[in-house]
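**Q** no FASTA, just this:
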Ligand SMILES: Cc1ncc(C[n+]2csc(CCOP(=O)(O)OP(=O)(O)O)c2C)c(N)n1
Ligand code: SF4
Ligand SMILES: [Mg+2]
């Protein structure tokens, strides 16, 4: 008998259509970890909505969560699509899957705006340094000097998705690697419980167009140069822990999320504080000088850790919690006649 979770579902209930991505593509590993995370957390697939744009990475949601609704939109337009759908129904949880081209080229404007709006959404960037779907042109995250067979040498400096997210005010920023499933799964779980936009930039090698071991987005380079900030554990709210003994400084650091779940960070780099936005930016800059792939939870904002916690988009818009907009009837959505008359009076003062 296959193992079932707390709501009686098997892992197969979280799967999608068979993947048509290349064998070994990092995007397949990301899918496996999303499936495992949601199965282990006993999330009802019907309570999740998948969003994507265009690219191999954006095709990927087809291969997971076939019981969930999904929107596959235009190239780079995943954020506005997710914004509209989630504002209309705040009872579902959104997972957005995008690529480095989809997010950091054509979709960069939308990425920046969804950051400032702090939409509650798990935003995964499957980052391979190339446009996989259109046969491996340089993506804007590719390192300067990268040489590809059909495209010569990349003369431009890369865009760093995590730096852009931090500068844009993101309240949860992480970097991971498709070849580090344990870390990736813990980050996906924490992101799912974050009360705002949670960006996870995942190095997800394209085995067909950009996997030479000298390239930064290859399995070889990432494996040899991964420098995790911490090892991670995620504890769901129903398994409330507070560690049974006082914490020693620099030992295991629990960070409580809004819903009572906890992400426990076992520091590898003892001096690293994931609640300090500037420290995160500095650590990323330093990682380029040290030539390492820095992974882990780079930054998080929670009520316990930030003096002023940013409101998410639902709070900013003051959306009702008891009934989502898409279940309201017209009279509930339309302002009453006297309110309209009052507005008209105010606007047309003679
Ligand atoms: C408006 C528009 N411009 C260009 C394209 C062509 N196109 C399709 S996918 C893609 C890039 C995808 O790259 P990325 O987001 O990195 O995904 P990957 O395939 O690498 O996972 C491009 C340029 C398109 N579909 N629509
Ligand atoms: S072309 Fe690259 S990104 Fe696309 S499925 Fe194949 S390995 Fe993955
Ligand atoms: Mg790509």
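**A** Perfect, I can see it now. Being a predicted model, the structure only gives us computed values, none of them experimental. Ligands and ions are numbered 1, 2, ... in the order given.

**Q** Point out the residues in the stretch 101-250 of the chain that sit beside ligand 3.
**A** 101, 128, 139 (CB under 5 Å from the ion). In short, each C-beta sits where N, CA and C put it, glycine included.

**Q** Mind doing that once more with 6 Å?
**A** Contact residues (CB under 6 Å from the ion) of the stretch 101-250 of the chain with ligand 3: 101, 128, 130, 131, 132, 139.

**Q** nearest to residue 338, of these?
**A** Closest approach to residue 338 among these (CB to CB): residue 101, at 50.9 Å.

**Q** any idea which element that closest one lies in?
**A** helix 100-104 (DSSP states H and E).

**Q** What helices and strands are in contact with that helix?
**A** Here helix 100-104 touches strand 121-127, strand 130-131, helix 161-167, going by 3 or more CB pairs under 8 Å, 6 or more residues apart in numbering; DSSP states H and E.

**Q** quick one: residue 210 and residue 135, what's the gap?
**A** As judged by CB to CB, to the nearest Å, residue 210 and residue 135 stand 11 Å apart.

**Q** Please apply the same query to residue 279.
**A** 39 Å.

**Q** And for residue 207?
**A** 14 Å.

**Q** more neighbours, those two?
**A** Neighbour count, other CB atoms under 10 Å: between residue 207 and residue 135, residue 207 has more, with 17 against 11.

**Q** ok, now how distant is the nearest residue to residue 32 once chain neighbours are set aside from residue 114?
**A** Closest residue in space to residue 32, ignoring its immediate chain neighbours: residue 181 at 7.1 Å, by CB to CB, 6 or more residues apart in numbering. The spacing between residue 181 and residue 114, counted by CB to CB, is 27 Å.

**Q** Residue 320: how many residues sit nearby?
**A** Neighbours of residue 320 under the rule other CB under 10 Å: 12.

**Q** For the residue nearest the centre of the chain, which residues are in contact?
**A** Against the mean C-alpha coordinate of the chain, by CA atoms, centre = their mean, the closest residue is residue 123 at 2.8 Å. Each residue near residue 123 by CB atoms under 8 Å, 6 or more residues apart in numbering is listed here: 79, 96, 98, 114, 197, 198, 199, 200.

**Q** same thing with residue 180?
**A** Residue 180 neighbours (CB under 8 Å, 6+ apart): 226, 228, 295.

**Q** Residue 215 touches residue 221, doesn't it?
**A** Yes. In terms of CB atoms under 8 Å, residue 215 counts as a neighbour of residue 221; the distance is 6.1 Å.

**Q** between the two, who's got more neighbours?
**A** residue 215 (24 against 20).

**Q** could you measure the more buried one against residue 263, distance?
**A** From residue 215 across to residue 263, the span is 31 Å (CB to CB).

**Q** What of residue 167?
**A** Counting by CB to CB, the gap from residue 167 to residue 263 is 23 Å.

**Q** ditto for residue 121
**A** In terms of CB to CB, residue 121 sits 18 Å off from residue 263.

**Q** same question, residue 224
**A** Using CB to CB, residue 224 is found at 27 Å from residue 263.

**Q** More neighbours: those two, which one.
**A** residue 263 (26 against 11).

**Q** Count the residues that sit near the residue nearest to residue 32.
**A** 15.

**Q** correct me, but it touches residue 34?
**A** No. Using CB under 8 Å, residue 181 is not in contact with residue 34, being 11.0 Å away.

**Q** ok, back up a step: kindly reformat the helices and strands packed on helix 100-104 as JSON lines containing distance to ligand 1.
**A** Below are these laid out as JSON lines (distance: least, CB to the nearest ligand atom, whole Å):
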{"stretch": "strand 121-127", "distance to ligand 1": "6"}
{"stretch": "strand 130-131", "distance to ligand 1": "4"}
{"stretch": "helix 161-167", "distance to ligand 1": "11"}
